[in-house]
Each structure stands twice: as structure tokens, then as C-alpha cells.
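Visitor: Sequence and predicted structure below; questions after.
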Amino acid sequence: MSGQASRVDAPLDAPLPDLWDDKYAATLDEANVLLYRSNLLGSDLRITNFGGGNTSAKVDEKDPLTGKPVRVLWVKGSGGDIGSMKLDGFSTLYLDKLLSLKSVYRGLKHEDEMVALFNHCTFNLNPRATSIDTPLHGFVPHRHVDHVHADAVIAIAASENAEALTHKVFGGELGFLPWQRPGFDLGLKLGAMAEANPNLNGVVLGGHGLFTWGPTSKACYETTLAMINKASAWLGANARGQAFGGPVVEALPPAERRAFAAALMPAIRKRISAGERKIGHFADGPEVLEFVNSCDLKPLAALGTSCPDHFLRTKIRPLVLPFDSAARNLEAVIGSLDQSLTGYRADYAAYYERCKRPNSPAMRDPNAVIYLVPGVGMLSFAKDKATARIASEFYVNAIKVMRGASSVNRYVGLAEQEAFNIEYWLLEEAKLQRMPKPKSLAGRVALVTGGAGGIGQAIAERLMGEGACVVLADIDRASLDRAVADFGKRFGRDVVSGVAADVTDEMAVESAFRDAVVGYGGVDIVVANAGIASAAPFEDTSLELWNRNMAILATGYFLSARGGYRIMKDQGLGGSIVFIASKNALAASPGASAYCTAKAAEVHLARCLALEGAAYGIRANTVNPDAVLRGSKIWQGEWRAQRAASNKVDVSELEEVYRQRSLLKRSVYPEDIAEAVYYFASDLSAKSTGNILNVDAGNAVSFTR
């Protein structure tokens, strides 16, 4: 995911380390110290989840209008993530103007109208949209304020006796405010509590999280850590009984869990992608397995989450699937999916009908986001990989909260109406409407063989640029790792992964597809691109050379296509298989009989796939390049020298030879092949199958006929 930070996750009762570096902080101005503090807090999932919480500082600035000193509230703006944000992620507001809004506030029924007024408080024309939490920071009479969603603190805040527990755990250090939707009124109450109790270090918000403050950025940071550590230590010391009532099922071995996920995820994806294709994520960490294997799984899952950040990402509650890990009843689970999903959708629709208001937005996708499977783990599905992964992380936070609360008291989820009011908040709906339209390949998963080569990387880049998740498969581990790392930096680590695979090895190919499915939930696009090139007079062609060409270029394409075809067929969402063949698939060349024959086999195999796949919406097409020298591994070394010798030119002149022999007198580059692949992978070619697209700058002998 773009901007994804490297996060620490550890047991709930493990102390948080103080990472503050005085020497480094001394080199920063006040705004950048705030950024430093924010990034430190956001680096640990025990402190706050991705995108959750916010931080602020009241900074003395020079007013660009008057030149006079003025106090400015720097506060994390709408969206973003304190762990990975930059300085431009903060909103800046004239503090006196923000405080003056108290005089025009008309009460709880008019909460939302105040948000638009925040824009009139903007300092220095800052375009960053303000967060709904802005008054909670601005009205607290302290220079520095942190708001985080620490699991240990929410465990106390989500307990039945949350207020009493807060006083018991923190003494007089933290106050308590009952659950209330974030906004102007809650900001007034928080500010009033801080004003009336100058000895408080912060406040616990019921069911929600922690506010802390301090006179300096470092003091605020240290207070935040101290309060979380105090909560963690108290929970650890006072926990009773076995977590979640103890286990009632045993986890499957790791390999079996992944195999089960690989079989189940496309089946779920098939049934929930009617309106929008979904991408999946699988998690089976210790905290997940402890919960899904437990006695209290169903009753606790039914209560839903407490923190609004949690259920905005995970929906009000998960779907628990009826898997008997002892009986290994995979077929039974898949067979019951329609019933399970229908029941969940009906329950969600009933929740919507019970809670909706006259001006509520229309009901959104009623499918579950989180799927819990005893003995196996947790599946999550969303519109993209980052959202699915983050939803999974949020539910892990919720599990830790339930574990902590239920071990010392009784866990309480957020009231249904309050949950609905957050989920279908008009301000939240407006934010959703501002989201950019999805790209043409959003929600699709591609596997590209030969993915670390020049053409393979160009194809991957084109597909990722249009929103696809891409699995690169290549036999060259070092090149593969470099390609994945580079794409991760440019497109985000969520959308690209790599798997080392020899396409001539049936088990390796099957494993590659299994990894793709576990990683993303399914496969929609297969690009068979792995290749070699060889040259030898026919009578000198050895059986070894012949078999090598057939193994990689014919058998390799067969295995890759079959692996994707089977998944696409079971998935029921159609799909696109694209073969990267060659001009030589249509026009034979002397001295390359093994290569030409294998390439011709690819074309005919694609036609066979087109015939059989049409009934399932699976299309198969071929791209025929010619002489793609730049970045191509097959043109390195012996093959390039052989082609130069055959054309009686120096190696350095070979590209010009190919350019001049084309009708258009142009070179063909990897990105040209990638464009053709994108056409066949996308809905632009929804009515094309069994076709061949030559990308050779014009070569009369290879005209299709």
C-alpha cells in the first residue's frame, strides 16, 4: 500500500518502548516535532491502528496578513495516517477563530453544520481538509494533545463498568467521558473537563479511545506511553481464567490452513463480487487463532466492535463460517456459503431498516468484510488489497480489545443505533462520494510469468497502473526480489508480490497460483510470458534443446494457463489469459525450428482455451512481439550474438536491422507489448477471444490469415 509504514505489533501486555530521541528532536521546529511525535506513535499497532487517532500542537506563528504573532492549531487533517503522514497531512487553523465558533454553535442537532465553518478558520490557505476531531484538540487548554486507539485502553473503555475501571486503573490521572460520536459537542465536553480538572493528564472516551496532553511534545508523548503501559500492566495482572473461555477446536497445521484459505477465498469472492470485484486477505496469527478457536467466538463476534474506527473498516460484525476443523469439512463449508451469505445480507438489511433515518444514504454493500473460520483464521475482503489488509488489522485490534475487556470484566460492543449513526453519517457519505473513481482494472488480480524480465516488468507496471494487483512469477529469485521491491516503492507493497517458480514444474506452478489466491483472494488475469530463445540448424538441433524449448514455451504456457483457468472457472467471474508468443509463431525462421514450433503451439493452445473458456467468460488471446531487444533477457548473450551473426552485422547494429526490416521502420519496446496485454486484460476487449495481436511494427510475413 502506498505510504504503508513499517509497523510494530506485539502482545498487549508488552511494555511500549520510549523511542524519543532528544538530539534529533532538537534539530526540528515545533511543527516538525509534532510530525516526529505523530510518526513515533503511529509506528506501533498497540498504540493506534492505521489511519486511526490524531495529534495536535498549538504553535505560535507569524500571521501572513498582519505580520503579528498568532496561535495556530496544527492538527492531523481528514484521512491520512499518523504513522506515515508528512507535514502536509496537518490542517492549520487560527485558534482564536476556532474558539469563536463556540458562540454560533446551536446544539447537538446542528453538529454537522459546524464542519463547514472550520474552513473559515484556515491558516495560511492550507488546503488540507479538517478532521471531525478538530474541536476535540482545539478546545483542550493544553499545547499538545494526542488521541490514540490503544488496544489496552479501549479494552477498559469497552468494558461494562468502564468508568469505574478507569478510576481504578488510572486513579486521578485520567478522566472519563461516556460514548458520544466525535464532533463539536464532544469537543466542548472534553475541553470543559480539562479546564475543570487541571491535574488530569487526559481522558478515556467510553468505547472509543484515549486523549492525553502535555506542555511539550515530548511530555505529551511520554504521557501517552505511560497511560497505555499502565493499562496494559493492569490488564495483565488482573486477567482471570482462560482467554475467550478457552479453546474448543484445534488449529489446522499452517500448510493446511493456507490450502483451506486458497480453496475458500475464490468461492467467497465469486459470491460477493457482483457489484464490485473484491480483493482478499488471509490472517492466521496467534491472536486470530486463539479467538476463532475459542468457546466465546460466536457470542463475542455477534456483539460487534466498540471503537468507531474498527467497525467503519470491518462492518458492525463479522461472519463466522461453520467449519469443523476436526472433520476437515471444506466441501460442506463451501456448500453452505450461499446460505451463510444470504443470512448475513438479510441481517445487515434488517439492521439498516431498523436504524435508518429519513435522510440516511442508501444501503451500501451488505456483504461481510470479515470472515472467521474456526481452526483456520480470518479472511477479509474489500475493494482493494490495502483496504482488505487494514480491515484485518482493525479486527485484530478488536480481538485484543475483546480479550482484554472480557478477561477483567464484560465486553460491551457499541450500541446498534450509535454504530449505524457512524457508519451512515452524512459526513462519512460525503467523504466516500469524494473518492476518485476506480481504475479500469481495480479489484483484479494478475499473475505474470517471466515477471522479472523486461517485458514482464513492463506488463506488470501497466496492469498495476490501472489498479490491478500483480503477482510476478520468475525463476530468477534475485531479479524477482529487485523487481518486487522497486514496484513496492512505486505502487505500494500491497499491490505486488513475487513467487519464485519454474514454469516447467507442475507443483511449482500450482504453488504459485495458491500463493496468489491466498494473497489476494483469486486470479482474474494470467499472462504467460516466461521464455527463452535458441538457434540451431535443424540437423544440429539436439533433443535436449528441443525439449527445453517445448518445456518452457509449450508446457510452461500450458501449466500457467491451466492453473489460472481452473481458478477462473471456479470463481465464476470470467477472466483473461494472454500468451506472449512471437512473430515466429506465424512466420517460420531458418535456424530456429525448436523455438518456432513451440511458439506456434502457444497460438494454437490459446485458440483451444478460447473455445473451452467462452462458456465461463474466460477469454484467451495472443500477443506476438518481434525483436524486443531492450530489457529482454532472451536477447542477452548467445541469442543476440547468433542473430547478429545470422544477419551478418555487429551486435550493436542488430536493433537497426530489425527496425529497418519492419514496415513502419520503428523499434518495438517492452511497453508496446504491455499496452497490447492491457487491451486483452481489460474490458476494452471484452468481446475478443481467440485473437492474435501482432506488435512488430509491421511484418508482412507474419500477417495473420
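Guide: Right, received. Where do you want to start?
Visitor: looking at it, E222 is touching W213, isn't it?
Guide: No. At 11.7 Å, E222 and W213 do not qualify as touching, with contact defined as C-beta atoms under 8 Å. (Each C-beta comes from the backbone N, C-alpha and C, glycine too.)
Visitor: Those two: which is more packed in?
Guide: W213 (24 against 15; other C-beta atoms under 10 Å).
Visitor: need the contact list for that one.
Guide: V140, H142, R143, H144, V145, D146, A194, N201, G202, C220, T223 (C-beta atoms under 8 Å, 6 or more residues apart in numbering).
Visitor: Narrow those to those in helices?
Guide: A194, C220, T223 (DSSP state H).
Visitor: ok, and the most crowded of those?
Guide: C220 (26 neighbours).
Visitor: how close does that residue get to H137?
Guide: Per C-beta to C-beta, to the nearest Å, C220 is found 11 Å from H137.
Visitor: Ok, G591 next?
Guide: Taken as C-beta to C-beta, the span from G591 to H137 is 74 Å.
Visitor: Among those two, which residue is more densely surrounded?
Guide: Neighbour count, other C-beta under 10 Å: between G591 and H137, H137 has more, with 30 against 16.
Visitor: how about the nearest residue to that one, chain neighbours excluded?
Guide: Excluding its sequence neighbours, the residue lying closest to H137 (C-beta to C-beta, 6 or more residues apart in numbering) is S56, at 3.8 Å.
Visitor: contacting residues around the one you found?
Guide: Applying C-beta under 8 Å, 6+ apart, the residues contacting S56 are L34, L73, W74, V75, K76, H137, G138, H144, V145.
Visitor: neighbour-wise, which of the residues you listed leads?
Guide: In terms of neighbour count, H137 stands highest of those at 30 neighbours, by other C-beta under 10 Å.
Visitor: so which helix or strand takes in that one?
Guide: Here H137 sits within helix 134-138, counting by DSSP states H and E.
Visitor: Can you pull the domain assignment for this protein?
Guide: 22-238, 254-433, 445-696 (automatic domain parsing).
Visitor: Endpoints of the second one, how far apart?
Guide: Chord length of domain 254-433, first to last residue, is 41 Å (C-alpha to C-alpha, to the nearest Å).
Visitor: could you give me the average pLDDT of it?
Guide: Across domain 254-433, pLDDT averages out at 91.
Visitor: Over to the longest one?
Guide: Domain 445-696 shows an average pLDDT of 92 in the prediction.
Visitor: now swap in stretch 66-85 and tell me
Guide: 93.
Visitor: Just give me how far that stretch sits from the chain centre.
Guide: Centroid separation for stretch 66-85 versus its chain: 27 Å, with C-alpha atoms, centre = their mean, to the nearest Å.
Visitor: just the CA coordinates of that stretch, formatted as CSV?
Guide: The C-alpha trace of stretch 66-85 is given here as CSV (Å, rounded to 0.1, in the frame of the first residue of the first chain):
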residue,chain,number,x,y,z
THR,A,66,-0.8,41.2,9.7
GLY,A,67,2.8,40.1,10.4
LYS,A,68,1.8,39.8,14.1
PRO,A,69,2.2,36.6,16.2
VAL,A,70,-0.8,34.4,16.3
ARG,A,71,-1.5,31.0,17.8
VAL,A,72,-2.2,28.3,15.2
LEU,A,73,-3.7,24.8,15.8
TRP,A,74,-1.7,22.2,13.9
VAL,A,75,-3.9,19.0,13.9
LYS,A,76,-4.0,15.9,11.7
GLY,A,77,-6.3,16.5,8.8
SER,A,78,-9.1,14.3,7.4
GLY,A,79,-7.8,11.0,6.3
GLY,A,80,-4.2,10.0,6.4
ASP,A,81,-2.3,8.1,9.0
ILE,A,82,-0.1,9.4,11.8
GLY,A,83,2.4,6.6,11.3
SER,A,84,3.2,7.6,7.7
MET,A,85,1.9,11.1,7.2
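Visitor: buried ones in it?
Guide: 70, 72-78, 80-85 (16 or more other C-beta atoms under 10 Å).
Visitor: Now tabulate the residues you listed in a markdown table and tack on distance to G236.
Guide: Compiled in a markdown table, those are given as follows (distance: C-beta to C-beta, whole Å):
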| residue | distance to G236 |
| --- | --- |
| V70 | 46 |
| V72 | 41 |
| L73 | 37 |
| W74 | 35 |
| V75 | 33 |
| K76 | 30 |
| G77 | 36 |
| S78 | 36 |
| G80 | 32 |
| D81 | 28 |
| I82 | 26 |
| G83 | 25 |
| S84 | 30 |
| M85 | 31 |
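Visitor: right, and N329 touches F323 too?
Guide: Yes. Contact status for N329 versus F323: in contact at 6.6 Å, counting by C-beta under 8 Å.
Visitor: Look at those two and report which has more neighbours.
Guide: Counted by other C-beta under 10 Å, N329 and F323 do not tie: F323 has more neighbours, with 23 against 14.
Visitor: what residues are up against the more buried one?
Guide: F260, N329, L330, V333, V373, P374, G375, V376.
Visitor: how close does the last one sit to L300?
Guide: With the distance defined as C-beta to C-beta, V376 ends up 18 Å from L300.
Visitor: and E276, helix, strand or coil?
Guide: coil (DSSP: H, G, I helix; E, B strand; the rest coil).
Visitor: which one is it nearest to, not counting chain neighbours?
Guide: In space, E276 is closest to K383, 5.9 Å off (C-beta to C-beta, 6+ apart).
Visitor: repeat for K431
Guide: S78 (7.1 Å).
Visitor: so the one you found sits in a helix?
Guide: No. Read with three-state DSSP, S78 is coil and lies in no helix.
Visitor: residues contacting it?
Guide: Counting by C-beta under 8 Å, 6+ apart, S78 has contacts S91, R128, A129, T130, S131, I132, K431.
Visitor: give me the element C596 is part of.
Guide: Assigned by DSSP H and E, C596 falls in helix 593-613.
Visitor: Sorry, wrong one. I was asking about Q180.
Guide: Using DSSP H and E, no helix or strand contains Q180.
Visitor: repeat for A267
Guide: Under the assignment here (DSSP H and E), A267 is part of helix 254-272.
Visitor: Show me which residues of that helix are buried.
Guide: 257-272.
Visitor: Spit out the contact partners of the residue nearest to E276.
Guide: E276, R277, K278, I279, P438, A442, G443.
Visitor: at 7 Å what do you get?
Guide: Counting by C-beta atoms under 7 Å, 6 or more residues apart in numbering, K383 touches E276, K278, A442, G443.
Visitor: roughly how far out does the helix with the most length in the chain sit from the chain middle?
Guide: Counting residues, the longest helix found in the chain (DSSP H) is helix 385-408. Helix 385-408 has its C-alpha centroid displaced from the chain centroid by 16 Å (C-alpha atoms, centre = their mean).
Visitor: Looks like F579 contacts C608 (just checking).
Guide: No. Applying C-beta atoms under 7 Å, one finds F579 not in contact with C608, separated by 11.4 Å.
Visitor: The two - which one has more neighbours?
Guide: Comparing F579 with C608 by neighbour count (other C-beta under 10 Å), the higher total belongs to F579, at 28 against 13.
Visitor: residues in contact with I334?
Guide: I334 neighbours (C-beta under 7 Å, 6+ apart): L264, A267.
Visitor: Oh, that last question was meant for K76, not what I typed.
Guide: Contacts of K76 (C-beta under 7 Å, 6+ apart): S38, N54, T55, I82, M85, G89, F90, S131.
Visitor: As JSON lines, those residues with distance to V499 and secondary structure would be great.
Guide: Compiled in JSON lines, the contacts of K76 are given as follows (distance: C-beta to C-beta, whole Å; DSSP: H, G, I helix; E, B strand; the rest coil):
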{"residue": "S38", "distance to V499": "36", "secondary structure": "helix"}
{"residue": "N54", "distance to V499": "38", "secondary structure": "strand"}
{"residue": "T55", "distance to V499": "39", "secondary structure": "strand"}
{"residue": "I82", "distance to V499": "33", "secondary structure": "coil"}
{"residue": "M85", "distance to V499": "32", "secondary structure": "coil"}
{"residue": "G89", "distance to V499": "35", "secondary structure": "helix"}
{"residue": "F90", "distance to V499": "40", "secondary structure": "strand"}
{"residue": "S131", "distance to V499": "40", "secondary structure": "coil"}
